[in-house]
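Peer 1: Attaching a predicted model along with its sequence, questions to come.
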Amino acid sequence: MAKVFSGIQPTGIIHIGNYLGAIKNWVELQEEHDCLFSIVDLHSLTVPYDPKGLGDRIKDALATNIAAGLDPEKATIFVQSMVPEHTELTWLLTTITPVGNLERMTQYKEKSEKQGLLSGLLCYPILMAADILLYKADLVPVGEDQIQHLELTRVIARKFNSTFGEYFPEPQPKLSKATRVMALNDPTSKMSKSIPGSYIALTDDPEEIRTKVKRAVTASDVEGEVSPGVANLFTLLEAFAPKDVYNKFAKDLEDGNLKFSELKPALAEAIVEELTPIREKRQELLAKPKFLEEVVAAGADRARREAKQHMQEIKELMGLNLTF
Ligand code: AMP
Ligand code: TRP
């Protein structure tokens, strides 16, 4: 049985890119594997944020993920900062991670342009490597934007193994079918919570969903070619609509008969149908804070038992056994 680890930041919005790129994959993997899923609150501190609202955002991320199908009976669900071994291992890994590798990370380059050079932002991928390696995970279900961070995780694992002795497996990414959902208002960049108008949130109501799909950009620069916007709508249609609906529109596209006045409402209804139960379940869960607290307390307990054991072994390999 493979060990699976993944994380999501509590930034207040979970959109259908996160859902198709990551969460749906988690829900499948929890059936067959030993899975840990973490709300990575420490990662979310690396961009400007409102400390007062953080607790609510963590609670919301938990409720939304459980509503989307994560099952605390099947997977270990916890909040990153509740397991201090994540930060402890991060420090140990900083000592074997070249700064050059960190400076090459695309996300670091993009984010640091907006907010300046903070060392937390630079070391973000080391914290992510620590999350994964702490549990000796084999598989990491993420969207395409995290592939580079995973490559670095493998570099760090190899460096550790060759320096201190074979210990960490080299974790592999597990990509879903819709691994890079594009922005609805600009299909040349990825759907992102930092771009308003780019996303459909899992919490959007049917009217918002219909309006956003209706407004989705489909224009093509090149005559006769499928534009990025249309390709994106087909990615969404394949993920959300029944197979026969998808096949009908794929055939229309092929035959040159595609009508957006038919495609867009059909897509909107398919999304509404899948998201409505999630939105309702999330509301129910938010009204049960005690239950959510119990889920993360039990999850953190389970995660911590394993984390402690591994930390002890890692420290011994690094010479930190402290028995004289
Ligand atoms: P984040 O919200 O940055 O914590 O991302 C959570 C997960 O969603 C990660 O596995 C990302 O790779 C994935 N993800 C984020 N945006 C997209 C997108 N537009 N398409 C597909 N996956 C995405
Ligand atoms: N960096 C990831 C993102 O923004 C979130 C994350 C943190 C993560 N730690 C992880 C994902 C470990 C997979 C495994 O999406």
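Peer 2: Structure's in. What do you need? Ligands and ions are numbered 1, 2, ... in the order given.

Peer 1: Could I get the full set of helices for the stretch 1-150 of the chain?
Peer 2: Counting by DSSP state H, counting those that start in this stretch, residue ranges of the helices within the stretch 1-150 of the chain are 16-18, 24-29, 51-67, 85-94, 99-103, 106-115, 119-134, 147-164.

Peer 1: mind listing what residue 179 touches?
Peer 2: The contact partners of residue 179, by CB atoms under 8 Å, 6 or more residues apart in numbering, come to 21, 143-144. (Glycine included, C-beta is placed from N, CA and C.)

Peer 1: Please name the nearest non-neighbouring residue to the residue in the stretch 201-324 of the chain that ligand 1 sits nearest to.
Peer 2: Nearest residue of the stretch 201-324 of the chain to ligand 1: residue 235, at 9.4 Å (CB to the nearest ligand atom). Leaving aside its chain neighbours, residue 235 sits nearest to residue 178 (5.2 Å; criterion: CB to CB, 6 or more residues apart in numbering).

Peer 1: returning to that earlier point: so which of the helices of the stretch 1-150 of the chain is the most packed in?
Peer 2: Using mean count of other CB atoms under 10 Å, the stretch among the helices of the stretch 1-150 of the chain with the greatest mean number of neighbours is helix 16-18 (a mean of 25).

Peer 1: Return the residues of the stretch 51-200 of the chain in contact with ligand 1.
Peer 2: 142-143, 145-146, 179-181, 190-191 (CB under 6 Å from any ligand atom).

Peer 1: So for the residue lying closest to residue 93 once chain neighbours are set aside, what's the pLDDT?
Peer 2: With CB to CB, 6+ apart as the measure, residue 126 is the residue that lies nearest to residue 93, at 5.1 Å, once sequence neighbours are left out. Turning to residue 126, the model gives it a pLDDT of 98.

Peer 1: Equivalent analysis for the one 10 residues further on, please.
Peer 2: In this model, residue 136 is scored at 98, pLDDT.

Peer 1: ditto for residue 194
Peer 2: Per-residue confidence at residue 194 stands at 88 (pLDDT).

Peer 1: any idea which helix is longest in the chain?
Peer 2: Secondary structure of the chain per DSSP state H: the longest helix is helix 289-317.

Peer 1: buried sites along that helix?
Peer 2: 292, 295-296, 299-300, 303-304, 306-307, 310-311, 314, 317 (16 or more other CB atoms under 10 Å).

Peer 1: a markdown table please, covering these and showing pLDDT and distance to residue 118.
Peer 2: Formatted as a markdown table, the entries for the buried residues of helix 289-317 read as follows, by pLDDT from 0 to 100; distance: CB to CB, whole Å:
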| residue | pLDDT | distance to residue 118 |
| --- | --- | --- |
| 292 | 98 | 31 |
| 295 | 98 | 32 |
| 296 | 98 | 28 |
| 299 | 98 | 29 |
| 300 | 98 | 27 |
| 303 | 98 | 27 |
| 304 | 98 | 28 |
| 306 | 98 | 31 |
| 307 | 98 | 26 |
| 310 | 98 | 29 |
| 311 | 98 | 26 |
| 314 | 98 | 27 |
| 317 | 97 | 30 |
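
Peer 1: Please convert those residues to CSV, extending it with distance to residue 87.
Peer 2: Shown next, in CSV, are these (distance: CB to CB, whole Å):
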residue, distance to residue 87
292, 23
295, 22
296, 17
299, 18
300, 14
303, 14
304, 13
306, 16
307, 11
310, 14
311, 11
314, 14
317, 19
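
Peer 1: Contacting ligand 2 as well, which ones from those residues?
Peer 2: Restricting the buried residues of helix 289-317 to those touching ligand 2 (CB under 6 Å from any ligand atom) yields no residues.

Peer 1: nearest to residue 324, of those?
Peer 2: Of all these, residue 324 sits closest to residue 317, with 18.2 Å by CB to CB.

Peer 1: Quick check: that closest one touching residue 165?
Peer 2: Yes: using CB atoms under 8 Å, residue 317 makes contact with residue 165 at a distance of 5.3 Å.

Peer 1: still on that earlier bit, which one, of the helices of the stretch 1-150 of the chain, ends up nearest to residue 1?
Peer 2: Among the helices of the stretch 1-150 of the chain, helix 24-29 comes nearest to residue 1, with 10.7 Å by CB to CB.

Peer 1: Quick check: phi and psi on residue 172?
Peer 2: For residue 172, the backbone dihedrals (degrees, to the nearest 10) come out as phi -110, psi 150.

Peer 1: confidence score at residue 210?
Peer 2: Per-residue pLDDT puts residue 210 at 98.

Peer 1: what's the burial count for the residue of the stretch 201-324 of the chain closest to ligand 1?
Peer 2: Applying the criterion other CB atoms under 10 Å, we find 17 residues in the vicinity of residue 235.

Peer 1: Great, nothing more from me.
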